[in-house]
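Participant: I'd like to go over a predicted model; first the sequence, then the structure.
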Amino acid sequence: MSTPFIRLPALAAALLALAGPWLAPTQAQAQERRNEIGLHWTPDVLASDDRRTRGLAYDRDFGNGWSLGGTLGYGRMERLGEGDGAYAVLRIRKRFAPLAGLPSLSPQAGLEYGGTTDLFDTSEIVGGFVGLHIAASPELAFTVDGWFGKIRFESGPFSSPGQTTRRENVQNIRLGLVFRY
């Protein structure tokens, strides 16, 4: 003779198993509604002029490999010897189908726009990237991107006249650890 407390979990499990196909999203729906949280890192040895960054990224897939996202971070966007500062960028990205014969490698490309500040100086960041998304599992991946762009610097109130604006080309290799959910 069984007690009602033992039958209740078994009954709930049976009902959930029967309703599962109607409650669970299809594989295509699950892929379209995926969010990504990532840790982005640009070591100074992989960047022009010893620039370095560390950031927390979020991307929201909205179908066919396209996603919108952004990064908040901290790093040295200015030249060596100038201070670290906070930065933020917005991004649109296209992730392509996996390479033939290499199902864990997917090319990706995107555009970014944002800015940085270290209290007295600000910068505007405009650039693009191309790279690879390397899937370790459905939830975990690594990224390697080549980033190319321009940074426009505006000096703050304590700078000398004539040094208020300058533009520089920037190239770096950005590494990432991505968690999909």
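Facilitator: Everything's here; your move.
Participant: strands of the chain, residue ranges please.
Facilitator: In the chain, the strands defined using DSSP state E lie at 35-42, 52-63, 66-76, 85-95, 105-117, 122-135, 140-154, 165-180.
Participant: and A88, how far from L140?
Facilitator: 25 Å (C-beta to C-beta, to the nearest Å). The C-beta positions use only the backbone N, C-alpha and C, and glycine is treated the same way.
Participant: more crowded one of these two?
Facilitator: A88 (15 against 12; other C-beta atoms under 10 Å).
Participant: and F179, what does it touch?
Facilitator: Going by C-beta atoms under 8 Å, 6 or more residues apart in numbering, F179 touches 36-38, 139-140.
Participant: do the same with W66
Facilitator: With C-beta under 8 Å, 6+ apart, W66 has these contacts: 92-94.
Participant: same question, W41
Facilitator: Going by C-beta under 8 Å, 6+ apart, W41 touches 53-55, 174-176.
Participant: tell me the bridge partners for the most centrally placed residue in the chain.
Facilitator: The centre of the chain sits closest to A57, judged by C-alpha atoms, centre = their mean, with a distance of 4.0 Å. For A57, the beta-bridge partners are G38, T71 (DSSP bridges).
Participant: many thanks, I have nothing further to ask.
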